[in-house]
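Peer 1: Sharing a model that was predicted from the sequence below.
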Amino acid sequence: MPRLSKEERAELEKRLKDDDEQADAYEVEIGQGENYARLPYGKAKAWLQKSFGIDLDDLPKPDDGKDDKGKGDGNVRPFGGRRTG
C-alpha cells in the first residue's frame with residue numbers, strides 16, 4: 001500500500017476529528033416533573049458531572065428506533081433527536 005501524502009494525511013486527520021466530534025453531537029434531556037430541557041451532550045456532560053455527580057458516559061447511548069416516552073421519573077437519559085452543530 002502506498003504511503004499517504006501530506007495532503008491526504010491532513011484530510012484524513014480532519015475527517016477523524018470531525019467524526020469524533022459527531023460522536024457526541026446528540027442531545028440529552030433532563031428534567032423533573034413538568035420542567036424539561038434538551039442540551040447538547042458536550043455542554044451538559046461537564047455540568048451534570050460537577051453539579052450532580054452524573055457521568056453521562058455510563059448511561060446507554062440512544063437507540064435510533066426506540067421511542068422512550070417515560071417522563072417524570074427523575075432519570076437522565078440520552079436523547080436520540082436531531083444532531084447539533
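Peer 2: Arrived safely, thanks for sending.
Peer 1: all helices of this structure, in order?
Peer 2: 6-23, 41-52 (DSSP state H).
Peer 1: mean pLDDT lowest for which of the ones you listed?
Peer 2: Of all the helices of the chain, mean pLDDT reaches its minimum on helix 41-52 (a mean of 81).
Peer 1: Pipe the helices of the chain into CSV and attach distance to residue 30 and mean neighbour count per row.
Peer 2: To be clear about C-beta, it is placed using only N, CA and C from the backbone, and glycine gets the same treatment. What follows is the helices of the chain, written out as CSV (distance: least, C-beta to C-beta, whole Å; neighbours: other C-beta atoms under 10 Å):
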stretch, distance to residue 30, mean neighbour count
helix 6-23, 20, 10
helix 41-52, 7, 13
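Peer 1: Relative to residue 32, which of those helices is closest?
Peer 2: Nearest of the helices of the chain to residue 32, taken as C-beta to C-beta: helix 41-52 at 11.5 Å.
Peer 1: Which residues does that closest one contact?
Peer 2: The contact list for helix 41-52 (C-beta atoms under 8 Å, 6 or more residues apart in numbering) reads 24-28, 30, 54-57, 76, 78.
Peer 1: Of those, select the buried ones using a PyMOL command.
Peer 2: Those of the contacts of helix 41-52 that count as buried under 16 or more other C-beta atoms under 10 Å are selected in PyMOL with:
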select buried, resi 26+27+28+30+54+56+78
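Peer 1: Columns pLDDT and distance to residue 2 on top of the contacts of helix 41-52, output as CSV?
Peer 2: CSV is the format used below for the contacts of helix 41-52 (pLDDT from 0 to 100; distance: C-beta to C-beta, whole Å):
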residue, pLDDT, distance to residue 2
24, 70, 33
25, 74, 33
26, 79, 37
27, 82, 42
28, 78, 43
30, 78, 49
54, 79, 48
55, 81, 43
56, 72, 41
57, 75, 38
76, 66, 48
78, 67, 41
